[in-house]
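Engineer: A predicted structure for the sequence below; I have some questions about it.
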Amino acid sequence: MSAHPSKFLNQNCLNIIQAPVALGQGLEGVDEAPEILLKNGLIAQVEALGWKVGKVLEVDVHDLRWDSPQGDIPAHQHGLNIKFPKELGEACRDLAVFTKASNLENSFTLTLGGDHSVAIGSIGGALLARPELGVIWVDAHGDFNTPETSPSGNIHGMPLSFLSGFMKRYSIPSFDWLKNFLSPEQLVLVGIRSIDPEERSLMKSWGVNVFSMTEIDRYGIGEVMEQAKKILFKNGERPLHLSYDIDAIDPHFAPSTGTKVRGGLNYREAHYIAEFCATSGALVGMDLVEINPRLGYVDPAVLNDKRSSSEQNVTVEIGLELIASALGKRIY
């Protein structure tokens, strides 16, 4: 099977960027996902679909791993209700260097998180190369919080307030590399079912295009994605980036994630989104985030397998399958 065509890519070249960032949220283990996805055959899977893997890069996260001593790193900085802005800002800046370069060479850019704070870097870098970029954000949560609206101060709940430019008002030095921002017509959220009250007001004031699980129930995932495409392509086709948080999927199917919300996408709905983006002919990049191999359960069918329990994790398997669907794998 050949790689899916995109009019915004010069070739079937794909770069993989590992972003093992965990401090955007509060649980250990999410930083282990990139390595586990690679160990479970990601590159072979990509090549079998006709892609040529150009570079496999890794963001140097220094003290951002949960297994590294953090000692005197303060939980809050700059007097704001926001955790680790300096460290995460610098990590996202380094990631943005990679994603900008990958987009400028017109290679497909696959970013493996880590928590969803990494999207500030992956999309922020892509916007530096492609200011017209459209984003399909698949998530259980709105991810539009600011220091005032966030209950936790965790940045993985704030990436869209950074990418939309709302966070400019806080003048956080470590994020001053963000130069290009999304406008409402460049962003569609799909699968949402958990939004904080003040976050909701902020989203409505900005004009976020949201297709919650209610719309998916009412119209079906096919019609929802057609409507998302009409919004993003209203003024002509543009390159697309798919930012996929695994918690968008119902925890019955993908339990290994830190912020579970019942009532999410089922298995086929989850795949259809990725397949739809691939067939759009415009997909240039993807994030896969928030897989935490230490959480959830292991498929009993593989308990006797020689692989470790983290490698047997059903959520890891679904993550690999979603990447394949986004890269052109089809049932027939």
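Structural biologist: Arrived safely.

Engineer: Relative to residue 106, how far out is residue 326?
Structural biologist: 17 Å (C-beta to C-beta, to the nearest Å). Any C-beta I mention is one placed from the backbone N, CA and C, and that applies to glycine too.

Engineer: The two: who's more crowded?
Structural biologist: It is residue 326, of residue 326 and residue 106, that has more neighbours when counted by other C-beta atoms under 10 Å, with 25 against 17.

Engineer: which residues are in contact with stretch 223-236?
Structural biologist: Here stretch 223-236 makes contact (C-beta atoms under 8 Å, 6 or more residues apart in numbering) with 134, 136, 185-186, 188, 190, 209, 211, 215-216, 219, 238, 240, 272-273, 276, 280, 282.

Engineer: Buried residues in that stretch, which are they?
Structural biologist: Neighbour-count burial for stretch 223-236, counted by 16 or more other C-beta atoms under 10 Å, picks out 224, 225, 227, 228, 229, 231, 232.

Engineer: Quick check: next helix or strand after the host helix or strand of the third one?
Structural biologist: According to DSSP states H and E, residue 227 maps onto helix 221-232. Per DSSP H and E, helix 221-232 leads on to strand 240-245 as the next helix or strand towards the C-terminus.

Engineer: so what strands line up beside that next one?
Structural biologist: strand 134-138 (parallel), strand 283-289 (parallel) (DSSP bridges).

Engineer: Which other helices and strands does the top helix by length along the chain contact?
Structural biologist: Assignment by DSSP state H gives helix 85-104 as the longest helix of the chain. For helix 85-104, the packing partners by 3 or more C-beta pairs under 8 Å, 6 or more residues apart in numbering; DSSP states H and E come out as strand 13-19, strand 108-113, helix 119-129, strand 283-289.

Engineer: tell me the mean pLDDT over the last one?
Structural biologist: Confidence for strand 283-289, expressed as mean pLDDT, is 98.

Engineer: Sticking with residue 210, tell me its helix or strand.
Structural biologist: Here residue 210 is assigned to strand 209-212, by DSSP H and E.

Engineer: So what touches that strand?
Structural biologist: 142, 184-185, 187-193, 203, 224, 227-228, 231.

Engineer: Most neighbours of all the residues you listed, which one?
Structural biologist: That'd be residue 191 among the contacts of strand 209-212, by other C-beta under 10 Å, with 30 neighbours.

Engineer: Can you tell me the SS state at that residue?
Structural biologist: Secondary structure assignment for residue 191 (DSSP: H, G, I helix; E, B strand; the rest coil): strand.

Engineer: Just the pLDDT for the residue nearest to it when sequence neighbours are not counted.
Structural biologist: Leaving aside its sequence neighbours, residue 191 sits nearest to residue 248 (C-beta to C-beta, 6 or more residues apart in numbering; 4.0 Å). Note on residue 248: pLDDT of 98.

Engineer: and what of residue 70?
Structural biologist: 47.

Engineer: please renumber so the chain begins at 197
Structural biologist: Sure, I'll start counting at 197 from here, so that last one is residue 266.

Engineer: which residues does residue 355 contact?
Structural biologist: 312, 313, 315, 316, 319, 339.

Engineer: ok, how many other residues are close to the third one?
Structural biologist: Spelled out, it's residue 315. 32.

Engineer: For it, list the residues it contacts.
Structural biologist: By C-beta under 8 Å, 6+ apart, the neighbours of residue 315 are 307, 309, 355, 359, 439, 483, 485.

Engineer: and the gap between the second one and residue 380?
Structural biologist: It stands for residue 309. Taking C-beta to C-beta, one finds residue 309 at 25 Å from residue 380.
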